[in-house]
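S.K.: pasted the sequence and its predicted model underneath.
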Amino acid sequence: MASREHERRESTRQRYRVRVSSRAKQVRLTLSSRDGLVVVVPSGFDQSRIPGLLAQEASQRWLVRATARLAAREAAGAAAGRFSDPPGRIELRALGETWQVEYQPVRAAASVMLVCGPDLSLALVGATGSHGACVELLRSWLRAKARHELGTQLGRLAAEMGLTYSRLTIRQQRSRWGSCSRAGSINLNLKLLFLPPDLVQYVLVHELCHLLEPNHSPRFWQQVGLWLPEYASRRRALREATRCVPVWLDQPVL
């Protein structure tokens with residue numbers, strides 16, 4: 001996706017970045033601890049309008065709510081320590097699974113090995129004092145699980161809808177749940193594993209419909225509505241879905 005970023009400062013001295021997106025059809029705001037406030041605008045948008053848009057009451061209300069949500073997430077991370085300890089359990093709501101995680105330190109071990117056991121159990125064996133190594137192993141395990149589980153669901157939905165995509169990639173992104181390229185390649189966020197099944201289904205249907213309409217035009221939403229008549233409520237719920245994702249997954253590790 002063609003994009004470029006530069007930083008602006010509005011009259012209220014609030015810092016923000018502008019990202020120009022060839023796929024965006026309207027102005028969209030995002031807020032994260034890493035990037036701060038980002039204003040996503042369509043190609044050709046008059047960027048001199050941005051300060052006025054940010055000053056609008058609706059934008060200010062959104063910013064207050066988003067700032068509060070971000071502060072709550074950061075506070076939760078701080079309570080667990082700057083570099084959050086690896087988890088003792090992993091709840092994958094998309095699959096209805098809760099995995100118990102056990103740590104088995106081995107004296108003088110130089111690395112950590114992850115072993116999947118019976119009854120939804122994981123064991124990390126070796127130098128478990130290296131929290132960074134443990135978290136990276138768990139992230140790799142989640143990525144592989146997402147490829148298998150989400151890939152199966154995506155393939156089944158594509159067959160039902162009579163569509164074909166070129167390939168599937170799994171990534172860990174901060175804010176985007178999925179995307180579909182004009183070449184028919186679908187990307188899904190491994191964090192979808194932590195979301196309720198109905199929201200996962202919405203994301204998969206959303207991206208598959210981009211194979212027919214590579215935009216967010218009325219015709220695109222009509223396609224989504226054919227498969228999910230109640231998609232609007234799921235779309236709204238997805239905006240709050242980051243609260244389902246555990247803090248340790250996004251935190252930097254040593």
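M.R.: Thanks, I have it.
S.K.: OK, contacts around residue 139?
M.R.: 172, 190, 249 (CB atoms under 8 Å, 6 or more residues apart in numbering). All C-beta atoms are positioned from the backbone trio N, CA, C, and that covers glycine.
S.K.: my guess is the second one contacts residue 170. True?
M.R.: Yes: using CB atoms under 8 Å, residue 190 is in contact with residue 170, at 5.4 Å.
S.K.: between the two, what contacts are shared?
M.R.: Joint contacts of residue 190 and residue 170 (CB under 8 Å, 6+ apart) are 143, 146.
S.K.: and the contacts of residue 139, which of them are buried?
M.R.: 190, 249 (16 or more other CB atoms under 10 Å).
S.K.: turn the contacts of residue 139 into JSON lines, columns for secondary structure.
M.R.: Shown next, in JSON lines, are the contacts of residue 139 (DSSP: H, G, I helix; E, B strand; the rest coil):
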{"residue": "172", "secondary structure": "coil"}
{"residue": "190", "secondary structure": "helix"}
{"residue": "249", "secondary structure": "helix"}
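S.K.: reformat the contacts of residue 139 as CSV; add pLDDT and distance to residue 163.
M.R.: As requested, those are exported to CSV (pLDDT from 0 to 100; distance: CB to CB, whole Å):
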residue, pLDDT, distance to residue 163
172, 91, 26
190, 96, 22
249, 88, 30
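S.K.: for the closest residue to residue 250 other than its chain neighbours, what are phi and psi?
M.R.: Take residue 250 and drop its neighbours on the chain: the residue closest to it by CB to CB, 6 or more residues apart in numbering is residue 174, 6.8 Å away. Per-residue torsions, residue 174: phi -80, psi -40 (degrees, to the nearest 10).
S.K.: mind checking pLDDT for residue 174?
M.R.: With respect to pLDDT, residue 174 scores 80.
S.K.: does residue 122 sit in a helix, a strand or a coil?
M.R.: strand.
S.K.: element containing the closest residue to it other than its chain neighbours, please.
M.R.: In space, and not counting its chain neighbours, residue 122 is closest to residue 101: 4.8 Å by CB to CB, 6+ apart. Using DSSP states H and E, residue 101 falls within strand 97-105.
S.K.: likewise residue 236?
M.R.: Short version, using DSSP H and E: residue 236 is in helix 231-238.
S.K.: now that helix: mean pLDDT?
M.R.: On average, helix 231-238 scores 94.
S.K.: what's the spacing between it and its chain's center?
M.R.: Mean-position distance between helix 231-238 and its chain equals 15 Å (CA atoms, centre = their mean, to the nearest Å).
S.K.: packing partners for it?
M.R.: helix 197-209, helix 218-227 (3 or more CB pairs under 8 Å, 6 or more residues apart in numbering; DSSP states H and E).
S.K.: what about residue 152, distance to residue 137?
M.R.: According to CB to CB, to the nearest Å, residue 152 and residue 137 sit 23 Å apart.
S.K.: could you do residue 238 as well?
M.R.: 29 Å.
S.K.: equivalent analysis for residue 178, please.
M.R.: Counting by CB to CB, the gap from residue 178 to residue 137 is 25 Å.
S.K.: where exactly do the helices run in this structure?
M.R.: Ranges of helices in the chain, per DSSP state H, are 50-55, 57-79, 131-161, 197-209, 218-227, 231-238, 247-250.
S.K.: please identify the deepest-packed of those.
M.R.: helix 197-209 (a mean of 21; mean count of other CB atoms under 10 Å).
S.K.: give the closest residue to residue 120 in space, chain neighbours not counted.
M.R.: Using CB to CB, 6+ apart, the nearest residue to residue 120 is residue 99, at 4.8 Å.
S.K.: avg pLDDT for stretch 46-58?
M.R.: Here the average pLDDT along stretch 46-58 is 89.
S.K.: span of it from start to end?
M.R.: 20 Å (CA to CA, to the nearest Å).
S.K.: now do the phi/psi pair for the residue lying closest to residue 180 once chain neighbours are set aside.
M.R.: Of all residues not flanking residue 180 in the chain, residue 210 sits nearest, at 3.7 Å (CB to CB, 6+ apart). Main-chain dihedrals, residue 210, degrees, to the nearest 10: phi -70, psi -20.
S.K.: all set now, cheers.
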